[in-house]
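**Student:** here is the input, now give the coordinates:
(chains A, B, C and D)
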Protein chains: 2
Amino acid sequence: MLATDEEMTGMAEATQVIEEPVESESLAPAVTRAGAILDLLAENPGQVAGPSELARRLGLPKSSIANICNALADLGLVRRIGTGFALGRKLAELGGAYLASVDLVQEFYEEAALLPAASEETVQLAVLDGLEMTYLARHDGRQPVRLTSQIGRRLPASVTATGKAALASLADEDLDARLAPVRELPVLTSRSLASVDALRTELNVVRDRGYAMDDEETVEGVVCFGVMIPGRRPWEGPYAASITVLKARASSERTSLLIDDLHRLADRLSDPLRAGQRSQPATRSSSP
Amino acid sequence: MLATDEEMTGMAEATQVIEEPVESESLAPAVTRAGAILDLLAENPGQVAGPSELARRLGLPKSSIANICNALADLGLVRRIGTGFALGRKLAELGGAYLASVDLVQEFYEEAALLPAASEETVQLAVLDGLEMTYLARHDGRQPVRLTSQIGRRLPASVTATGKAALASLADEDLDARLAPVRELPVLTSRSLASVDALRTELNVVRDRGYAMDDEETVEGVVCFGVMIPGRRPWEGPYAASITVLKARASSERTSLLIDDLHRLADRLSDPLRAGQRSQPATRSSSP
DNA sequence: GTGCGGCGTCCAGCATACTGAACAGGTGGC
DNA sequence: GCCACCTGTTCAGTATGCTGGACGCCGCAC
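**Tutor:** Okay, the predicted model is just below:
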């Protein structure tokens, strides 16, 4: 339809455009570009970049970027550091507001702290988005597993316990649609599932077993167990909770305690009415 | 300066423009408007609003808002819910990236968990921004104080222990500049400081005492203790850490333990090079 | 069934946000 | 000390994103 290629033939001589300037066509290009700027700054948290650098890396005019950056700075979405820009405080505010909009997050914190065994470990809540998991909440146990994901971080669903638990809960047609355009899966460690077929086989195991496992597929020496938590609204994708432990500490008896806790957590988060205090006893039974 | 009033005399008959359509003049209006949309959606987390409602509340053309919302949706900054929009997942990602860019946040989580007494309580980290504190991190203790601030939430500095600790650390001229345009302070409870004079007096107390206190000034029945933590870069505003406890549980002996921990935390976060190595080389008082 | 009011979307014309080059300030190399 | 390079900023012209009205749709009231 549109001639997006062959447009830079004139100037693409020795320029080092890192990002593609595609941007296709938005009816509000300034907004799209602002998003690209935030993404770029978020790639290496803490980095500060000036208008020139941003313009070069995005393949966009310097002036436009400067204008957008100034607008972003006025909003507090980015911060001026000298003449450059870095991520701003309002992002924490908006991120917190988004997390507050997910009812599950609040309840997750409360319920995770009450689990007899799992409350000692790192427990996380994530939501499926395409083929990636976005981590929404984290309960820190007493164990020094500090290499867990930051809140807001995204990881491939195929290498995480949360991701496998979420994918295993999808209807076949939904799963097929998501996997259709995929050739090979991202690989983080030598044990990551590399092929779609291997993933499908694994998902069948997850369905039968009732919980998912990440056996050093994300980080060497670290294992995770995950269970699915259904969304409460039709449009909310499947969530999942996981427990992260060092492989050396994952004895079989401890593991079974943790998985019991995980199922308990999922039950309480799946039916909030029954969790705190029973108020609607028979929702599912047939009417007389 | 700007004729903000009397501008809507023509159309302000029965229209209910909630927000002011000032927007002054930005060189990238679409970005400024996008920010206003996000702010509006963040006001009541979980709310979904269609283009018409957003346009009405912002006093802006419906078409423009629709275009901007579509761009925001493509970026993942907002989510389509039916025909409306709500905050999107990418906000969690960007918020997490911002928090990751603040070195203090990481270390805060590690050090807070190691405090002998305070690790049982709710410990928070915040940064001063104007006359408000933005909460950046929270360590959850075992006590069920669930009415603590969300990460990213902003509270007036004058009613919080973190805010008073941060303000008390400012140079006189800096403090004067921030307080100059202020007539009266925001009041959250009957004990909140209402006047600038009362705040100045309180800040002197904080300086002499070495820590700040919020005695039911933010929430009834809840007290907080706060200490300042200096920023590591010249441009980073002062940070502060606080401990939140129910007033009923704030015995004097427990309180003094907690305040010792707070000073310990501040010492370790102030000088990261010494934090990991030495535990506490008699910085404040000799051991018994 | 029917009319009404509200919604989200589409479209052409205009105002304006974007562009690219020129400017001034700062820095490092030789 | 000087030049060369890169920075961020400014400015006029023009392409283009923004505007307001019209359109089709849906849900509610009557």
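**Student:** now do the SS call for A:L175.
**Tutor:** helix (DSSP: H, G, I helix; E, B strand; the rest coil).
**Student:** so what's it closest to, chain neighbours aside?
**Tutor:** A:L167 (6.3 Å; CB to CB, 6 or more residues apart in numbering or on different chains). Where C-beta positions appear, they are placed from N, C-alpha and C, glycine not excepted.
**Student:** and that neighbour, what does it touch?
**Tutor:** For A:L167, the contact set (CB atoms under 8 Å, 6 or more residues apart in numbering or on different chains) comprises A:128, A:131, A:157-158, A:175, A:178, A:199, A:203.
**Student:** closest residue of the stretch 51-200 of chain A to chain B?
**Tutor:** A:G95 (2.0 Å; CB to the nearest CB).
**Student:** surely that residue meets B:G152?
**Tutor:** Yes: the pair A:G95 / B:G152 is scored as a contact, 5.7 Å apart, by CB atoms under 8 Å.
**Student:** the two: who's more crowded?
**Tutor:** Remark: of A:G95 and B:G152, A:G95 carries more neighbours, 28 against 25, as counted by other CB atoms under 10 Å in any protein chain shown.
**Student:** separation between the more buried one and B:L94?
**Tutor:** Distance of A:G95 to B:L94, given as CB to CB, to the nearest Å: 6 Å.
**Student:** overlap of the contact sets of the two?
**Tutor:** Shared contacts of A:G95 and B:L94, defined by CB under 8 Å, 6+ apart, comprise A:G152.
**Student:** what's A:F225 sitting at in phi/psi?
**Tutor:** The phi and psi values for A:F225, taken as degrees, to the nearest 10, are phi -120, psi 140.
**Student:** go ahead and confirm it touches A:Y211.
**Tutor:** Yes: contact criterion CB under 8 Å: A:F225 and A:Y211 qualify, at 5.7 Å.
**Student:** need the residues touching each of these two.
**Tutor:** Shared contacts of A:F225 and A:Y211, counting by CB under 8 Å, 6+ apart, come down to A:161, A:259, A:262.
**Student:** most neighbours among these, which one is it?
**Tutor:** Busiest of the shared contacts of A:F225 and A:Y211 [other CB under 10 Å] is A:A161, holding 29 neighbours.
**Student:** can you get me a residue count around A:L114?
**Tutor:** Around A:L114 there are 14 residues (other CB under 10 Å).
**Student:** please report how far it lies from B:Y109.
**Tutor:** A:L114 is 21 Å from B:Y109, by CB to CB.
**Student:** burial count for whichever residue of chain A sits closest to DNA strand D?
**Tutor:** Residue nearest to DNA strand D within chain A: A:G50 (1.5 Å; CB to the nearest atom of the strand). By the criterion of other CB under 10 Å, A:G50 has 17 neighbours.
**Student:** contacting residues around it?
**Tutor:** Going by CB under 8 Å, 6+ apart, the list of residues near A:G50 reads A:83-85.
**Student:** buried subset of the residues you listed?
**Tutor:** Among the contacts of A:G50, the ones that count as buried by 16 or more other CB atoms under 10 Å in any protein chain shown are A:84-85.
**Student:** how about the residues of chain A that lie near DNA strand D?
**Tutor:** Applying CB under 7 Å from any atom of the strand, one finds that chain A approaches DNA strand D through A:25, A:27-30, A:50-53, A:56, A:62-63, A:66, A:83-84.
**Student:** among the residues you listed, which lie within strands?
**Tutor:** Using DSSP state E, the members of those that fall in strands are A:G84.
**Student:** from the residues of chain A next to DNA strand D, which has minimum pLDDT?
**Tutor:** By pLDDT, A:E25 ranks lowest within the residues of chain A next to DNA strand D, coming in at 74.
**Student:** neighbours around that residue, how many?
**Tutor:** Here the count is done by other CB under 10 Å, and A:E25 has 9 residues near it.
**Student:** how far away is it from B:N67?
**Tutor:** Distance from A:E25 to B:N67, by CB to CB: 12 Å.
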